[in-house]
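Q: Any chance you could fold what I've pasted below:
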Amino acid sequence: MKHWGKIVLALVAVLAIAGFASKDYILLHLPGWTAPHVYPTRAVTWQRGPAPAIPAGTRPPNIVLIVADDLGYNDISFNGGGVAGGLVKTPNIDALGHDGVTFADGYAGNATCAPSRAALMTGRYPTRFGYEFTPADTHPPAWFPSSVIRTDAMFSRTIANFPTTWEHKTIFDEDAARQPATTAPKGVPSSEVTIAELLRGKGYHTMHLGKWHLGEAKGMRPEDQGFDESLGFMIGGQMYLPESSPDVEPPCGRCMQRICSRYACR
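A: Model prediction:
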């Protein structure tokens, strides 16, 4: 009996050490493990837009707004850079710059993804309508004690504590993390006027594709904020395709080495 007790204690110790050593990996992957099931890709039948009421030569132009989330200025090869020290080129984005108009000066409405997207959608500083921080909700299952264990704070703390050689360190508000999580909906209020609502008022057929992350509650979703159609995901982080999909091209080893050396991968 004592022999088995020692074995059990040894196994518990090994699991504890392994769990501590892998805590960053576990916390980073916890949102994916607890997220709702992603079903296989299926064909989509799109609605037909309204018939043009005016001749094609005088009708207003189509407008396509592409938001590249958290894309750095030097991550575009058109600007003289490129990811992984220039190994990863961006030819399609470069073509837009070569054949169109570029802006030499541009300023984001916020330093993180969701508020800066809210600024683009509304034309207003997100601080003015209470959306100055990126929601980091991890969507644990209903049985998880979210009132006791704040997974959003754990996830954000892990990101903030990543080792880096950058001059400016990430600031994590521990005092705020100790407060109870808010139960209020997080997103752009329905009282804000979005560019989709303005364009729809001018006769445009509006469509949202891809990431939203501007609110999941009623009144904050794309279909409530001026979009006739929406196909994408509401949360902040989600794969467009499974990693095993043949349409996903893994980065080359040399690119990954440069990326990891830049971002201090472990």
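Q: Thought Phe172 was touching Ser156, still the case?
A: Yes. Using CB atoms under 8 Å, Ser156 is in contact with Phe172, at 6.6 Å. To be clear about C-beta, it is placed using only N, CA and C from the backbone, and glycine gets the same treatment.
Q: Compare the two (neighbour count), which wins?
A: A count of neighbours by other CB atoms under 10 Å puts Ser156 above the other of Ser156 and Phe172, at 21 against 14.
Q: so what's the backbone phi/psi at Phe129?
A: Per-residue torsions, Phe129: phi -120, psi 30 (degrees, to the nearest 10).
Q: which residues does it contact?
A: Going by CB atoms under 8 Å, 6 or more residues apart in numbering, Phe129 touches Ala118, Thr122, Val188, Pro189, Ser191, Glu192.
Q: Let me know the pLDDT of it.
A: Here the pLDDT value assigned to Phe129 is 91.
Q: Now do it against Asp70, distance only.
A: To Asp70, Phe129 is 22 Å away according to CB to CB, to the nearest Å.
Q: Spell out for me the ChimeraX command that would select the buried members of the contacts of Phe129.
A: Buried members of those, defined by 16 or more other CB atoms under 10 Å, are picked up in ChimeraX with:
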select :118,122,188,192
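Q: So which of the contacts of Phe129 is the closest to Ala21?
A: Nearest to Ala21 among the contacts of Phe129: Ala118, at 38.0 Å, using CB to CB.
Q: I'd guess that closest one is in a helix, am I close?
A: Yes. Counting by DSSP: H, G, I helix; E, B strand; the rest coil, Ala118 is located in a helix.
Q: May I ask you to confirm that it is in contact with Tyr131?
A: Yes. Using CB under 8 Å, Ala118 is in contact with Tyr131, at 5.0 Å.
Q: what touches both of the two?
A: Val188, Leu214.
Q: State the distance from the residue nearest the centre of the chain to Pro91.
A: What sits nearest the mean C-alpha location of the chain, by CA atoms, centre = their mean, is Gly236, with 3.8 Å. With distances taken as CB to CB, Gly236 is found 28 Å from Pro91.
Q: Ala153 now?
A: Counting by CB to CB - Ala153 and Pro91 are separated by 40 Å.
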